[in-house]
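In: Following is a predicted model, sequence given first.
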Amino acid sequence: MKRYLLCAMALVATAMTASAQVQLGEKGGTLSASIESNSIIYLNDKGLSTPAPEGYFGSNNYLKVDYTNGRFSAGLQFDIYAPALQGYEIGPYLEASKFKHIAYPMKYFKWQDKNYSVMLGDIFDQFGNGLIFRTFEDRQLGFNNSVEGLRATYNFNRYLAVKMLYGRPRLYNTYAGSWAGGADLSVSLGDIFRFKQGGLYLEASYANRYEGLHKNQEIDLVSRGMTSGLVNMASGRLNFDVAGVTFRSEYVYKGKDLCTSAASVAKPGQAAYAELGYSYKGFSFSATARMLDNMGTLVSLYGTGTGNALNYLPALTRQYTYMLANLNPYQVNVEGEFGGQADIYYTYRSKSNRYRYWNFHANYSTYYTLHTEQSKSGARERLWQDINFDIERQWSKRLKTTILYSFQEWNPYHGYHHRTYVSNIFVADVLYKFDRKKSLRVELQYLLSGEYEGDWAAALVEFNLAPHWSIYASDMYNIGRDGLGTKKNYYNAGFSFTYNRTRVQLSYGRNRAGYICSGGVCRYSPEYTGFNLAITSSF
Amino acid sequence: MKRLFLMMICALAVSFSLSAQALPDVRIENIDGKEIAIRDLAGTKPLIICFWSTTCKPCIQELAAINDQLEDWRAEAEFDVVAVSVDDVRTSARAKAFAKAQGWDMICLFDANQALKRAMNVSLTPHSFVVGKDGNIAYSHTGYTPGSEQSLLDKVLKISGKTSKTAKTKR
């Protein structure tokens, strides 16, 4: 660990003095890179029921290097774990592999011409809304399902865009042993027929996954209804934008498959998605609705973990930046759910003073079970509801205040029982600028609930000294109610230093167990107390 | 593993010898849902490119601060601001609605699968760049603290061969 800390210090010192990327001569192209390091020294805490992990240390590190020369580009990425941070699902995969500290490196070679591109290597891409295919990386979740293979794209003016890809998807540190591919087509009818009022697009996608059904004798897939190793998925989309109105829609059909690794029977799946938006001056409205029916698609039928997904089915709810409003986030039920959300925004800005304005925002989301067999009663059960609003007021150049209220209702049994927990969350957020460099931000939060863990209170104080320093302290306390709750205190304090494109953050605190959510996908993180060092830099 | 850490340090040490990076050749959606090439935006005037998302509070603070001061800034230099949302399908509809309601006087782009974010080696948001008329990146910074947006204007003025009036008069 000492060696690692020395390396980290050297890295920071070097990064601070670096400032841009390397040009390799007049025609040699350019090199650029980014580095991200997140390390925790775990401490034993008698106030927590979970002991510190063996070795008391974890560190996730990412180095990405790119080379560009005209239309050609290539890159490499190394993910290094020393070992993986506690709670990251890649940890057990690394333990079981030959290389305990490094994932299979990522690489790519790409030629981008005016109307076409060809890429060989690890591919990130998405078809439509990602309902049948999306490969992406999320380091906060330890998630990377890129496909190692070949991709080609072609654009015919603005009229038509087509892309095709095929390869083997990644499952955490290595490749899953399955094969995935597909094609995506977008036709711009608005450009073809020269509509002047807006855009009209007709789109379609096809994706598949192939995996042998007899690779592991201990996992009997055939008796669970998997009759073929090939799973086909197809979608059709209609999108248009006209006179401030935006509409997106998609329907998906999927062949028979196990939608989770625990699913007992393989079933065909389907999904529908619709999105409507409207804006006029300072007002805008947006609504999305979605139905999922057995739509989980695993990278590998033999794999586990939230990263074992070939498509993207995020929770379409509001994602908060406040601690207590994110305590019990909604988790998608890929077996079956339907629901949606709506947002309304309105901004009123003083005509005489740009620094004075009001921002109003209201959001509503709700989800229900889809199938009668999902609930004990056979009825459709509410899985989630959130009614919330926030009002932001910029009073002057110096002072800004925000208040937020959220009524959240969630079903802890994923709809099986007719039972929901209710929370009322109140937030006040004040930002005061002393001058052009110094500012103070204070958050006060309260969660009122007669159920689950009872009441919570939280506060955050942040002092900023632009452009380099930020110092903060926060505390979150479970007050409980009527014998409910843990009465635990979760504290955190730290600072960050930023110099151009390098940021270093050091913090110490006790962290609550719960779901870490990013982009609507959640992974469980155990509680811990410790020091956290995070470094990011690029050149 | 020691070798890999050494590689990481060496990679950064290489950056002592410096030059400018060009904008990558990546196509992403604009607010009307049409795909545009990011390189096509450069060439006539400097650009301030800010990566943001609806779930990133400091990103929204930074863009609001720039928007508040934009009239004053534009009196000093000619440039465009490009706000690149990295919201994926979960929040991209909200990002569009939010940007429209704010009335940002900026070019709003939507990088739903983070192709541009990856190509520009953005690890964390907010992350902002200043791009010269030649399409080369002149400056970038990560993170946001109230007041740090001034460094973006300072760099635009520097590459435009001007000095800041707002920084002197408003301090």
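Out: Yep, it's here. Residues are numbered from 1 along each chain as shown, chains lettered A, B, ... in the order given.

In: ok so B:Leu153 is a helix residue?
Out: Yes - according to DSSP: H, G, I helix; E, B strand; the rest coil, B:Leu153 belongs to a helix.

In: ok, it - how many residues close by?
Out: 22 (other C-beta atoms under 10 Å in any protein chain shown). C-betas here are computed from N, CA, C, even on glycine.

In: Please apply the same query to A:Lys376.
Out: 12.

In: Quick check: which ranges of the chain have low pLDDT?
Out: Let's take chain A. Applying pLDDT under 70 to chain A flags the ranges A:1-27, A:514-525.

In: my question was about chain B
Out: In chain B, residues with pLDDT under 70: B:1-20, B:164-171.

In: next SSE after the longest helix along it?
Out: Secondary structure of chain B per DSSP state H: the longest helix is helix B:57-74. Per DSSP states H and E, the first helix or strand lying C-terminal to helix B:57-74 is strand B:80-85.

In: do that following strand and chain A meet?
Out: No - on the criterion C-beta under 8 Å from any C-beta of the partner chain, strand B:80-85 is out of touch with chain A, staying 12.7 Å away.

In: contacts for the helix or strand that that strand is followed by?
Out: Sequence-wise, the next helix or strand downstream of strand B:80-85 (DSSP H and E) is helix B:92-102. Applying C-beta atoms under 8 Å, 6 or more residues apart in numbering or on different chains, the contact partners of helix B:92-102 are A:246, A:248, A:275, A:277, A:279, A:282-288, A:318, A:343, A:345-347, A:359, A:361, B:31, B:53-54, B:63-64, B:67, B:83, B:85, B:87, B:108, B:110, B:112.

In: ok, now stretch A:472-486?
Out: A:323-324, A:443, A:449-463, A:487-495, A:509, A:512.

In: tell me, how many neighbours does the residue nearest to A:Asn328 when sequence neighbours are not counted end up with?
Out: Nearest non-adjacent residue to A:Asn328, counting by C-beta to C-beta, 6 or more residues apart in numbering or on different chains: A:Trp410, 5.5 Å away. Neighbour count for A:Trp410, taken as other C-beta under 10 Å: 20.

In: OK, contacts around A:Trp410?
Out: A:Trp410 neighbours (C-beta under 8 Å, 6+ apart): A:328, A:330, A:383-385, A:420-421.

In: let's see 6 Å
Out: The contact partners of A:Trp410, by C-beta atoms under 6 Å, 6 or more residues apart in numbering or on different chains, come to A:328, A:384, A:421.

In: Equivalent analysis for A:Asn326, please.
Out: A:Tyr320.

In: now swap in A:Ala513 and tell me
Out: Counting by C-beta under 6 Å, 6+ apart, A:Ala513 has contacts A:526-527.

In: how close does it get to B:Val131?
Out: 43 Å (C-beta to C-beta, to the nearest Å).

In: How about A:Met119?
Out: Using C-beta to C-beta, one gets 24 Å for the distance from A:Met119 to B:Val131.

In: what about these two, which has more around it?
Out: Comparing A:Met119 with B:Val131 by neighbour count (other C-beta under 10 Å), the higher total belongs to B:Val131, at 31 against 21.

In: ok, which residues in the stretch 51-200 of chain A are in contact with chain B?
Out: Contacts of the stretch 51-200 of chain A with chain B, taken as C-beta under 6 Å from any C-beta of the partner chain, map to A:63, A:80, A:101, A:112, A:126, A:129-130, A:199.

In: Select, from these, the two members most distant in space.
Out: Using C-beta to C-beta, those span at most 48.4 Å, a distance reached by A:His101 and A:Gly199.

In: if I pick residue 104, what's in contact with it?
Out: Since no chain was named, I'll use chain A. If you count contacts by C-beta under 6 Å, 6+ apart, then A:Tyr104 has A:Thr174 around it.

In: look at chain B instead
Out: B:Trp104 neighbours (C-beta under 6 Å, 6+ apart): B:Asn67.

In: Would you mind measuring from it to chain A?
Out: B:Trp104 is 10 Å from chain A, where distance means C-beta to the nearest C-beta, to the nearest Å.

In: from what I can see A:Leu31 touches A:Tyr67, true?
Out: Yes - counting by C-beta atoms under 6 Å, A:Leu31 does reach A:Tyr67; the two are 5.5 Å apart.

In: Those two: which is more packed in?
Out: A:Leu31 (21 against 18).

In: Starting from chain B, give me the distance back to that one.
Out: 7 Å.

In: Would you list the phi and psi of that residue?
Out: Backbone torsions for A:Leu31, taken as degrees, to the nearest 10, come to phi -110, psi 140.

In: How about B:Asp134?
Out: The phi/psi pair for B:Asp134 (degrees, to the nearest 10) reads phi -80, psi 0.

In: how near is it to B:Leu23?
Out: Going from B:Asp134 to B:Leu23 by C-beta to C-beta gives 10 Å.

In: And those two? Which one has more around it.
Out: Using other C-beta under 10 Å as the criterion, B:Asp134 and B:Leu23 rank with B:Leu23 on top: 22 against 12.

In: who touches the more buried one in this structure?
Out: Counting by C-beta under 6 Å, 6+ apart, B:Leu23 has contacts B:38-39, B:42, B:135.

In: ok so, going back, most neighbours out of the contacts of A:Trp410, which is it?
Out: A:Trp384 (25 neighbours).

In: That one against A:Tyr367, yeah?
Out: Yes - under the criterion of C-beta under 6 Å, A:Trp384 makes contact with A:Tyr367 at 4.5 Å.

In: Name the nearest residue to A:Ala52, sequence neighbours excluded.
Out: Nearest non-adjacent residue to A:Ala52 (C-beta to C-beta, 6+ apart): A:Tyr42, at 3.9 Å.

In: circling back to that earlier point, most surrounded residue in the residues of the stretch 51-200 of chain A next to chain B?
Out: A:Asn129 (28 neighbours).

In: and that residue, how far is that from A:Tyr278?
Out: Distance from A:Asn129 to A:Tyr278, counting by C-beta to C-beta: 19 Å.

In: Next, the residue of chain A most remote from its centre: phi, psi?
Out: Going by C-alpha atoms, centre = their mean, the residue of chain A most distant from its centre is A:Ser352, 40.2 Å out. Here is the backbone geometry of A:Ser352 (degrees, to the nearest 10): phi -90, psi -20.

In: rewinding a little: pull out the buried residues from the longest helix of chain B.
Out: Buried positions in helix B:57-74, judged by neighbour count with 16 or more other C-beta atoms under 10 Å in any protein chain shown: B:57-70, B:73.

In: ok, and which of the contacts of B:Leu23 reach chain A?
Out: Within those, nothing lies near chain A by C-beta under 6 Å from any C-beta.

In: any idea which of those residues is closest to A:Asp429?
Out: Nearest to A:Asp429 among these: B:Ile38, at 33.5 Å, using C-beta to C-beta.

In: Report the contact partners of that closest one.
Out: By C-beta under 6 Å, 6+ apart, the neighbours of B:Ile38 are B:23, B:26.

In: switch the cut-off to 10 Å
Out: B:Ile38 sits next to B:23-28, B:47, B:49, B:82, B:84, B:109, B:111, B:115-116, B:119-120, B:131, B:135 when contact means C-beta atoms under 10 Å, 6 or more residues apart in numbering or on different chains.
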